[in-house]
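A.B. asks: With the input below, show me the fold.
(chains A and B)
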Amino acid sequence: MNDPLLPPPSPDDEVVSAYLDGEATDAEIARVEASPELLARVEEFRALDARIAATPATATDERRDAMIAAALAASSTSPKVSSIETARSKRQPFYTRPLVAVAAVLLLALVATPILLRSGDSDVGDAATSASDDGGEAFDEAAGDDAGDDGSDDGAAMEEAAPQAAADAESAETSPAADDPDAAGAAMSEDDGSAEGDGSAEDGDAMAEDDAMSEDDGGAADDDAPADSTVPTAPLAQPDGPIDLGEFDDLDSLITAYDDLVTRNFAFDTSARLKGANSDTAFGALEDGFCPDIDRALITATAAVGDARLWVIDGPDAEALFFDIDTCLPFAP
Amino acid sequence: MRGSDQELVRAAQAGDQRALDALLRANYDRIYAVCRRLAGNEADAMDATQEALITIAKRIDRFDGRSAFSTWAYRVATNACLDELRRRKRRPTPGLPEHERAEDEAVDSSTQRALGDAVTDSLVIDDALQQLPEEFRAPVVLRDLLGMDYAEIGATLDIKPGTVRSRIARGRAALAAILGNQNGEHERPND
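C.D. replies: So this is what the prediction gives:
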């Protein structure tokens, strides 16, 4: 390397350095020990080494304990760690979610427009069917089964069906299913069987079927319910301290809620957290009896899962770590 | 590997969190010191140390016991620190003009006097190390802080022992020059 700061390679320095480190050959040792200049250089390097080796001041005990606690929680042998990444991996990127809302609005428009235009027309069923054809299976799903597809010309039947479709569309927009981006892309999960129980989503309706949400997500409908009821939908301002996420039936639900919080640009700033660390929290447990291994500055939220009260720690690599407030240990559901 | 370490490692690999806790605590100071010397400042060192501890904890089940646990842990930690620091890309540019570096220094000269000589010297060393390119800094730090031999350093940094020898020699020579100059510049008139 020809860095201007670095002196050019020096055979003497290399021998001296190797001598100092016990890595010199016998011939090199003899050469160094026969030269006062090289021995002086040895002493210069030795003094330098001592200065480098002087251990820098370490972090406070509290900080060290928090770092070790976070590492323990992330360890390969810990079965009790919950990772926000795991939750995220089961879901599509949040940026696809607006498509769900757009799809829902389009669906609503497709349903409502013919009805409004032909509200006095006796051939409402045809209109509904037409709308369904134009709008895709979603409409069939929401309204067609009740009115259009059975060929009924009964306007009353259609009027029943239309609100249902609107309701379904609205539901799709606001329900947990809408959060699942599969809904927008109609990229349906193969193991979507769980959607069948949902009356609004039976056959190919992307919007509803996606709700099936997948796999082991535990059923997103359940997962998201607490999130939507406890987490503001708008981007949040930096809090003064840990934010209370509320109560959850299970850890998956909490992870989902926290995931939502994070994806709403809830940028926790470490320095701000430090400043706000002494503020009151949901459980008021930060002041006294604080878990010695958990640095309060790392706590981003509190929550309850069943009877357990938890700290949520925003760990490295977007991992959310959950600690039982009462035991100060990683939460074991 | 010492017997007690062996037992702790086995227990940690079996899922004993207390054993893993003990292992991390036993090596924390050294890991932090390495990250601090590599990072050159407290904030980056803390983040890098956290990353190193997590990496060790995550990979404990891969440790096969062929070396001392501490050697393995330092190797993992060193690379975790270097990776973290590379991600941050916040290393000062080598050869930055003196007046710009002075602005970056967290501790001004009057504060330095208030601090102990050891702390001050540590900052001076940090500053000097940061002027070295990473490929020269890391071998010197691993040698002087951890006492690794050239083969271990080579294995840790994935370079040949001969390269380690050359880089340590050039790194030390550069540091000696930097610190020699700084000692002259920082000399207080009344001292």
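
A.B. asks: Against B:D64, how distant is the residue nearest to B:Q17 when sequence neighbours are not counted?
C.D. replies: Once flanking residues are discounted, B:Q17 sits nearest to A:L72: 5.3 Å by C-beta to C-beta, 6 or more residues apart in numbering or on different chains. Quick note: C-beta positions are derived from backbone N, CA and C, even for glycine. Distance of A:L72 to B:D64, computed by C-beta to C-beta, to the nearest Å: 21 Å.

A.B. asks: Then B:R75?
C.D. replies: According to C-beta to C-beta, B:R75 and B:D64 sit 13 Å apart.

A.B. asks: More neighbours: which of those two?
C.D. replies: Ranked by neighbour count (other C-beta atoms under 10 Å in any protein chain shown), B:R75 and B:D64 place B:R75 first, with 20 against 7.

A.B. asks: count of residues packed around the closest residue to the more buried one other than its chain neighbours?
C.D. replies: Using C-beta to C-beta, 6+ apart and skipping the chain neighbours, the partner closest in space to B:R75 is B:T156 (4.5 Å). Using other C-beta under 10 Å, B:T156 is surrounded by 23 other residues.

A.B. asks: packing partners for the strand or helix carrying the residue nearest to B:Q17?
C.D. replies: Using DSSP states H and E, the element containing A:L72 is helix A:61-73. Contact here means 3 or more C-beta pairs under 8 Å, 6 or more residues apart in numbering or on different chains; DSSP states H and E; on that basis helix A:61-73 packs against strand A:320-324, helix B:17-39, helix B:42-59.

A.B. asks: what's the angle from that helix to helix B:17-39?
C.D. replies: In terms of direction (axes from the mean of the first three to the mean of the last three C-alpha atoms, to 10 degrees), helix A:61-73 departs from helix B:17-39 by 120 degrees.

A.B. asks: Direction-wise, compare helix A:61-73 with helix B:42-59 and give the angle.
C.D. replies: 30 degrees.

A.B. asks: Could I have the CA atoms of helix A:61-73 written out in PDB?
C.D. replies: This file holds the C-alpha atoms of helix A:61-73, laid out as PDB (Å, rounded to 0.1, in the frame of the first residue of the first chain):
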ATOM      1  CA  ASP A  61     -22.000  -1.500  34.300                       C
ATOM      2  CA  GLU A  62     -25.600  -0.700  33.400                       C
ATOM      3  CA  ARG A  63     -24.800  -0.300  29.700                       C
ATOM      4  CA  ARG A  64     -22.700  -3.500  29.700                       C
ATOM      5  CA  ASP A  65     -25.400  -5.500  31.400                       C
ATOM      6  CA  ALA A  66     -27.900  -4.300  28.800                       C
ATOM      7  CA  MET A  67     -25.700  -5.200  26.000                       C
ATOM      8  CA  ILE A  68     -25.100  -8.700  27.400                       C
ATOM      9  CA  ALA A  69     -28.800  -9.100  28.000                       C
ATOM     10  CA  ALA A  70     -29.600  -8.200  24.400                       C
ATOM     11  CA  ALA A  71     -27.000 -10.700  23.200                       C
ATOM     12  CA  LEU A  72     -28.400 -13.400  25.400                       C
ATOM     13  CA  ALA A  73     -31.800 -12.700  24.000                       C
END
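
A.B. asks: which residues of chain A score low on pLDDT?
C.D. replies: Across chain A, the ranges flagged by pLDDT under 70 are A:1-5, A:55-59, A:76-108, A:110-242, A:260-298, A:314-320.

A.B. asks: let's go with 80 and repeat that
C.D. replies: A:1-9, A:55-61, A:75-244, A:256-301, A:311-321, A:323-333 (pLDDT under 80).

A.B. asks: What of chain B?
C.D. replies: Filtered on pLDDT under 80, chain B yields the residue ranges B:1-4, B:84-123, B:181-191.

A.B. asks: Okay, helices next: where are they in it?
C.D. replies: Assigned helices in chain B, in chain order: B:3-13, B:17-39, B:42-59, B:69-88, B:98-104, B:109-114, B:117-130, B:134-146, B:150-157, B:161-186 (criterion: DSSP state H).

A.B. asks: who wins for proximity to B:V140 among the helices and strands packed on helix A:61-73?
C.D. replies: B:V140 sits nearest to helix B:17-39 of all the helices and strands packed on helix A:61-73, at 8.7 Å, using C-beta to C-beta.

A.B. asks: and A:L310, what is it in contact with?
C.D. replies: By C-beta atoms under 8 Å, 6 or more residues apart in numbering or on different chains, the contact list for A:L310 reads A:L254, A:T302, A:A303, A:A304, A:F322, A:F323, A:D324, A:I325, A:F331.

A.B. asks: A:T300 contacts A:I313, doesn't it?
C.D. replies: Yes. Using C-beta atoms under 8 Å, A:T300 makes contact with A:I313 at a distance of 6.6 Å.

A.B. asks: one step back: give me the buried stretch members for the helix holding A:L72, please.
C.D. replies: Judged by neighbour count using 16 or more other C-beta atoms under 10 Å in any protein chain shown, the buried positions of helix A:61-73 are A:R63, A:R64, A:D65, A:A66, A:M67, A:I68, A:A69, A:A70, A:A71, A:L72, A:A73.

A.B. asks: As TSV, those with distance to A:A27 would be great.
C.D. replies: Formatted as TSV, the buried residues of helix A:61-73 follow (distance: C-beta to C-beta, whole Å):
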residue	distance to A:A27
A:R63	49
A:R64	47
A:D65	51
A:A66	52
A:M67	47
A:I68	47
A:A69	53
A:A70	51
A:A71	47
A:L72	50
A:A73	54
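
A.B. asks: And the residue most central in space within chain B, how far from chain A?
C.D. replies: In chain B, the centroid-proximal residue (C-alpha atoms, centre = their mean) is B:V34; its distance is 2.1 Å. The gap separating B:V34 from chain A is 10 Å, by C-beta to the nearest C-beta, to the nearest Å.

A.B. asks: Pull the number of nearby residues for A:A109.
C.D. replies: For A:A109, the neighbour count with other C-beta under 10 Å is 13.

A.B. asks: Make sure it is indeed in a helix.
C.D. replies: Yes. Assignment of A:A109 by DSSP: H, G, I helix; E, B strand; the rest coil places it within a helix.

A.B. asks: which ones are touching B:A80?
C.D. replies: Counting by C-beta under 8 Å, 6+ apart, B:A80 makes contact with B:A48, B:E51, B:A52, B:I54, B:T55, B:I56.

A.B. asks: Same check on A:A71?
C.D. replies: A:A71 makes contact with B:L20, B:L24, B:Q50, B:L53, B:I54, B:I56, B:A57, according to C-beta under 8 Å, 6+ apart.
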